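Student: Need the 3D shape of this:
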Amino acid sequence: MQKKQHSFAALCFTGLFFAVCTLQVNVIEAQTLYNYGAKVTFMTGYNGNPGGALVRVNGGVVNDGSHQNPASFTNNSDQFYIRTNDNSTNPGSYTLQNGAVSDGDGKYYVDRDWTNQNGAEFRHGNSEVIFDNGYTNSLNPNYTQFIRGNVVTVFNHLTVAFTSGGKVQLDNINAETGPSGVFTLSQREFATMNNTMVVNNTSSAAIVRTDGFVSSDMVDGELVRHTASTDSYLYPVGSLLTGTVVYRPVDLTPSATDHNAFGIRMVSGSPDQTGVTMAASSAAGMNTTFNELFYHSATRKDDIGTASANLGINYIPGVDGDWSAIAFTDKQQNLWRDAGLAVPSSNTAMSVLTRPIWSFDRPLDKNFVLFHEEGLPDTLPNIITIDGDGINDQFHIHNSNIKQFNLKVFNRWGVLVFESTAPQIDWDGKTIAGAEVPTGTYFYSLKAITLSDAEINRNGFLELIR
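Tutor: Next comes the predicted model:
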């Protein structure tokens, strides 16, 4: 068969006339390609052409299985371009519907939408679907490209390509990449809305990012990753809700190599959106400030796995503020509560606060926000029972972000029995020399200076019982 260039206003394949239509030409150009029941194959590497048949469709592709024969579409070409034509009713979109089957290991360059519906099946093989709206001479480089339909597409390699604008958005349907697939975010926003983007490949390298991000500003949207190692898994989440890109990823490091699945989303705006207010959550007497620019949610998905994980939230101090702690929504108490130890670190672009070994065992406590707290609570302990039961065995004063303090404890005759300037404010009922003091009433004096240079002076009585 001699190589030729073919140009058509439309290509229409029907099972009435074609049992098999295998195209091995060099170039095919068509305004719209319809397949109503034929077996269509675009070959790879034909006659010295390593990319396979060069196919340009300026107006969309429709594979429809409603004809008497199921439509079968096999793409093994790396040069299959589905482009936009204003005169087409299906501009630059790929549609798979009504029981049609699409397979092959080639590439699909899609300028507009991807639709999979009504019992159709996309068998991804080793293929790559590239959303590349904004290619040279695009008619509308700011177009939002939709993934649509009522059948979840499991892609192999899904790429959001470099373009001059626009985004890719899930339209009331989830999407996935396969068990060995890759999700590439070269540029632009991938918006899940109320839907879920699932990366099934358990490799930590299954997401490749340059400048893109996943947004999930709606109530239930999220990015889900399956894990099977103790590597750090990047969740490249962000938001464009305010008109400016706010990219604040999460680094999640599982504690075990068994199969787990975790979902993450980032939401722009006040954490009050969760229904748990900041005002009700501030510790009495403490200067508590919450990050009102964004927050995250993190969940274990579908009860897959039992491993805990280190949860690292990235932020930019010069833009977002300075933070020293992570709070979570305690739904039992209906308040934001300190998640405990928050380990600071940094990478080349951002600062990171990490809550180690989060168990994910309370599904409703899924929201996390950065916060800063300094000072002492209004009410300090007034009794300690040193009996070894682990409860009130020390005079412990909760404090946050205090840079200087001095605690002195006196007996009833005014004799100094203990003094400390240690970072943690605790007294275990022993003198400076290490001798146990007897049961009785003691007086304490505490002087402190916070990071913002506020001075604190507290005095009170303490009952010690052995």
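Student: in stretch 204-223, what's buried?
Tutor: For stretch 204-223, the neighbour count (16 or more other Cβ atoms under 10 Å) marks 204, 206-207, 209, 212-217, 221-223 as buried. All C-beta spots, glycine's among them, are computed from the backbone N, C-alpha and C.
Student: ugh, wrong one, I meant stretch 241-253
Tutor: So for stretch 241-253, counting by 16+ other Cβ under 10 Å, buried means 246-253.
Student: The residues you listed into a markdown table, with extra columns for distance to Gly285, pLDDT and secondary structure?
Tutor: Formatted as a markdown table, those follow (distance: Cβ to Cβ, whole Å; pLDDT from 0 to 100; DSSP: H, G, I helix; E, B strand; the rest coil):
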| residue | distance to Gly285 | pLDDT | secondary structure |
| --- | --- | --- | --- |
| Val246 | 33 | 96 | strand |
| Tyr247 | 36 | 97 | strand |
| Arg248 | 30 | 98 | coil |
| Pro249 | 35 | 98 | coil |
| Val250 | 32 | 98 | strand |
| Asp251 | 34 | 98 | strand |
| Leu252 | 34 | 98 | strand |
| Thr253 | 35 | 98 | strand |
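Student: mind putting those residues in CSV, distance to Asp428 included?
Tutor: Listed next are the buried residues of stretch 241-253 as CSV, based on distance: Cβ to Cβ, whole Å:
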residue, distance to Asp428
Val246, 46
Tyr247, 46
Arg248, 41
Pro249, 42
Val250, 38
Asp251, 37
Leu252, 37
Thr253, 35
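Student: which one among the residues you listed gets closest to Asp303?
Tutor: Leu252 (17.3 Å; Cβ to Cβ).
Student: distance of that closest one from Ala309?
Tutor: With the distance defined as Cβ to Cβ, to the nearest Å, Leu252 ends up 5 Å from Ala309.
Student: Give me the common contacts of these two.
Tutor: Phe262 (Cβ atoms under 8 Å, 6 or more residues apart in numbering).
Student: hmm, back to that, between the buried residues of stretch 204-223, which is closest to Gly305?
Tutor: Ser204 (15.2 Å).
Student: In three-state terms, label the nearest residue to the closest one once chain neighbours are set aside for me.
Tutor: Sequence neighbours aside, Asp231 is the residue nearest to Ser204 in space, at 3.8 Å (criterion: Cβ to Cβ, 6 or more residues apart in numbering). For Asp231, the secondary-structure state derived from DSSP: H, G, I helix; E, B strand; the rest coil is coil.
Student: Kindly confirm whether my reading is correct that Asp231 touches Arg225.
Tutor: No. The pair Asp231 / Arg225 is not scored as a contact, 11.1 Å apart, by Cβ atoms under 8 Å.
Student: Would you mind telling me which of these two has more residues around it?
Tutor: Applying other Cβ atoms under 10 Å to Asp231 and Arg225 shows that Arg225 carries more neighbours, namely 25 against 15.
Student: circling back: measure the residue nearest to Ser204 to Ala309 for me?
Tutor: From Asp231 to Ala309 the distance is 11 Å (Cβ to Cβ).
Student: Tell me the residue in this protein that is farthest from the middle.
Tutor: Trp413 (60.1 Å; Cα atoms, centre = their mean).
Student: For the buried residues of stretch 204-223, which two are the farthest from each other?
Tutor: Ser204 and Asp217 (25.7 Å).
Student: returning to that earlier point: next, the residue farthest from the centre of the chain: phi, psi?
Tutor: phi -100, psi 10 (degrees, to the nearest 10).
Student: pLDDT wise, what is it at?
Tutor: Turning to Trp413, the model gives it a pLDDT of 95.
Student: For it, list the residues it contacts.
Tutor: Contacts for Trp413 (Cβ under 8 Å, 6+ apart) come out as none.
Student: any idea how far it is from Tyr442?
Tutor: Trp413 sits 11 Å away from Tyr442, going by Cβ to Cβ.
Student: Please apply the same query to Phe73.
Tutor: The value you get for Phe73 to Tyr442, if Cβ to Cβ is used, is 83 Å.
Student: Low-confidence bits of this structure, can you list those?
Tutor: 1-30, 45-50, 68, 86-89, 134-141 (pLDDT under 70).
Student: Spell out which residues make up each domain of it.
Tutor: The record, using automatic domain parsing to delimit domains, assigns the chain the ranges 5-374, 380-465.
Student: Return the most buried member of those domains.
Tutor: domain 5-374 (a mean of 19; mean count of other Cβ atoms under 10 Å).
Student: now it, how far from the centre of its chain.
Tutor: The chain centroid and the centroid of domain 5-374 are separated by 10 Å under Cα atoms, centre = their mean, to the nearest Å.
Student: Now do the contacts for the residue lying closest to Pro317 once chain neighbours are set aside.
Tutor: Sequence neighbours aside, Ser351 is the residue nearest to Pro317 in space, at 5.5 Å (criterion: Cβ to Cβ, 6+ apart). Taking Cβ under 8 Å, 6+ apart, we find Ser351 in contact with 314-317, 344-345.
Student: Helices - which of the residues you listed land there?
Tutor: Assigned to helices by DSSP state H, the following of the contacts of Ser351 qualify: Pro317.
Student: Now render the contacts of Ser351 as TSV, adding distance to Arg123.
Tutor: Output for the contacts of Ser351, formatted as TSV (distance: Cβ to Cβ, whole Å):
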residue	distance to Arg123
Asn314	37
Tyr315	42
Ile316	43
Pro317	48
Pro344	47
Ser345	43
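Student: Name the nearest of the contacts of Ser351 relative to Thr95.
Tutor: Proximity of the contacts of Ser351 to Thr95 (Cβ to Cβ) peaks at Asn314, which lies at 38.4 Å.
Student: Now do the helices in the stretch 251-400 of the chain.
Tutor: With DSSP state H, counting those that start in this stretch as the definition, the stretch 251-400 of the chain shows helices at residue ranges 317-320.
Student: Nearest spatial neighbour of Ile425, chain-adjacent residues omitted?
Tutor: Ile397 (4.0 Å).
Student: quick one, what contacts the one you found?
Tutor: The neighbours of Ile397, taking Cβ under 8 Å, 6+ apart as the test, are 376, 380-381, 407, 425-426, 446.
Student: and the gap between it and Arg300?
Tutor: 35 Å.
Student: could you dump the contacts of Ile397 to CSV with distance to Val61?
Tutor: Listed next are the contacts of Ile397 as CSV, based on distance: Cβ to Cβ, whole Å:
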residue, distance to Val61
Leu376, 67
Leu380, 71
Pro381, 72
Leu407, 75
Ile425, 69
Asp426, 70
Leu446, 74
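Student: Farthest-apart pair in the residues you listed, please.
Tutor: Distance extremes for the contacts of Ile397: the farthest pair is Leu376 and Asp426 at 13.8 Å, using Cβ to Cβ.
Student: picking up where we left off before, ok, so of the contacts of Ile397, who is nearest Gly99?
Tutor: Nearest to Gly99 among these is Leu376, at 68.5 Å by Cβ to Cβ.
Student: Would you check that Asn310 makes contact with Leu353?
Tutor: No. The criterion here is Cβ under 8 Å, and Asn310 misses it with Leu353 at 11.0 Å.
Student: which residues do the two both contact?
Tutor: What both Asn310 and Leu353 touch, as defined by Cβ under 8 Å, 6+ apart, is an empty set.
Student: Excluding sequence neighbours, find me the nearest residue to Ala349.
Tutor: Ala349 sits nearest to Ile316 (Cβ to Cβ, 6+ apart), 7.6 Å away.
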